[in-house]
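J.: no sequence on this one, just coordinates:
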């Protein structure tokens with residue numbers, strides 16, 4: 001693997017108030033390999049995305065974007081590397097006071113490097129790609145949950161990133177909304193974007209990813225393909241794939257009071 005074409009964590013540890021969220025965590029997202037991080041709610045999946053973006057700093061270990069280690073560095077030292085990555089947050093994180101078009105073009109306007117006409121062209125192109133160009137002048141409050149997610153994807157695409165992170169992209173959506181998001185992710189991958197998703201939605205994960213990382217009690221306990229996961233003899237993985245009545249009690253014990 002060429003390190004300049006990957007995002008990685010090395011022996012990373014992270015805790016909150018003395019409670020371990022990640023311990024000796026190694027992870028690599030190679031360009032062109034679409035991956036999902038799985039685990040029960042509260043396992044620390046979203047924390048991984050924030051650490052990879054440099055939004056959080058680990059207790060120890062390293063995070064690298066390409067050949068650049070961002071751990072312990074001020075943001076202005078790795079902003080150029082971070083531009084390779086966009087994130088679609090679970091709730092969409094749209095600005096309520098802005099129209100859809102203004103939301104999608106916000107970062108481009110802030111950067112001040114393109115003309116207004118060029119930004120408008122990009123905004124319309126990305127909204128058309130996700131199928132919500134008719135919502136250009138609407139406000140987030142006028143959109144359904146699925147449309148908000150698609151607008152958030154359009155905003156992520158506007159800066160033309162190499163990697164797109166998805167934080168629970170199908171949570172709260174009906175089956176049609178889930179289908180639309182899966183279809184969009186597959187189209188993005190076909191266009192050369194590398195996706196990293198955190199979720200506990202197995203159907204979405206298996207429809208959109210090639211490699212899977214399973215997080216349990218602060219550690220990676222499985223990494224591999226869907227087939228390897230289904231054939232795994234790791235008890236926690238099998239319980240996640242095929243929960244039983246006993247799983248209810250196990251999950252309550254594992255997630256009680258955890259992030």
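T.: Done, it's in. What you see is a predicted model; the values in this text were computed from it and never measured.

J.: can you show me the strands along this structure?
T.: 6-16, 19-30, 35-38, 60-65, 68-69, 85-88, 163-167, 194-199, 211-216, 219-224 (DSSP state E).

J.: give the partner strands of the shortest one in its sheet and their orientations.
T.: Right, the one you point to is strand 68-69. As defined by DSSP bridges, the strand partners of strand 68-69 come to strand 60-65 (antiparallel).

J.: give me the buried positions along the partner strand.
T.: For strand 60-65, burial by neighbour count (16 or more other Cβ atoms under 10 Å) applies to 61, 63-65. Glycine gets a C-beta too; all of them are placed from N, C-alpha and C.

J.: tell me the contacts of residue 77?
T.: residue 70 (Cβ atoms under 8 Å, 6 or more residues apart in numbering).

J.: check the one 5 residues further on too.
T.: Neighbouring residues of residue 82 by Cβ under 8 Å, 6+ apart: 53-54, 65, 70, 75.

J.: cool, and residue 236?
T.: So residue 236 contacts 214, 216, 221 (Cβ under 8 Å, 6+ apart).

J.: now, of those residues, which are buried?
T.: Judged by 16+ other Cβ under 10 Å, buried ones among these: 214, 216.

J.: for the contacts of residue 236, give me TSV that also has pLDDT and distance to residue 93.
T.: Output for the contacts of residue 236, formatted as TSV (pLDDT from 0 to 100; distance: Cβ to Cβ, whole Å):
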residue	pLDDT	distance to residue 93
214	95	27
216	92	28
221	94	30
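
J.: export the contacts of residue 236 to TSV and tack on distance to residue 96?
T.: Converted to TSV, the contacts of residue 236 look like this (distance: Cβ to Cβ, whole Å):
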residue	distance to residue 96
214	36
216	37
221	40
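
J.: returning to that earlier point: in CSV, list the strands of the chain along with distance to residue 113.
T.: Listed next are the strands of the chain as CSV, based on distance: least, Cβ to Cβ, whole Å:
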stretch, distance to residue 113
strand 6-16, 24
strand 19-30, 27
strand 35-38, 31
strand 60-65, 21
strand 68-69, 22
strand 85-88, 17
strand 163-167, 21
strand 194-199, 24
strand 211-216, 35
strand 219-224, 39
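
J.: sorry, back to before: could you identify the most distant pair in the contacts of residue 82?
T.: 65 and 75 (12.2 Å; Cβ to Cβ).

J.: can you give me the helices in the stretch 151-259 of the chain?
T.: Here the stretch 151-259 of the chain has its helices, by DSSP state H, counting those that start in this stretch, at 175-190, 202-208, 226-230, 235-241, 245-255.

J.: so what pLDDT did the residue nearest to residue 87 when sequence neighbours are not counted get?
T.: Spatial nearest neighbour of residue 87, excluding adjacent residues (Cβ to Cβ, 6 or more residues apart in numbering): residue 165 at 4.2 Å. Residue 165 carries a pLDDT value of 95.

J.: what about the stretch 101-250 of the chain, any weak spots by pLDDT?
T.: 245-250 (pLDDT under 70).

J.: at 50 what do you get?
T.: By pLDDT under 50, the low-scoring segments of the stretch 101-250 of the chain are 249.

J.: ok, back up a step: which one of the buried residues of strand 60-65 is nearest to residue 114?
T.: residue 65 (23.8 Å).

J.: list the contacts for the closest one?
T.: Contacts of residue 65 (Cβ under 8 Å, 6+ apart): 7, 52, 78, 81-82, 84-85.

J.: mind redoing it with 7 Å?
T.: 7, 78, 81-82, 84 (Cβ atoms under 7 Å, 6 or more residues apart in numbering).

J.: re the thing from before, surely the residue nearest to residue 87 touches residue 196?
T.: Yes. If you go by Cβ atoms under 7 Å, residue 165 and residue 196 touch, sitting 5.0 Å apart.

J.: start to end distance for stretch 24-37?
T.: Terminal residues of stretch 24-37 are spaced 16 Å apart (Cα to Cα, to the nearest Å).
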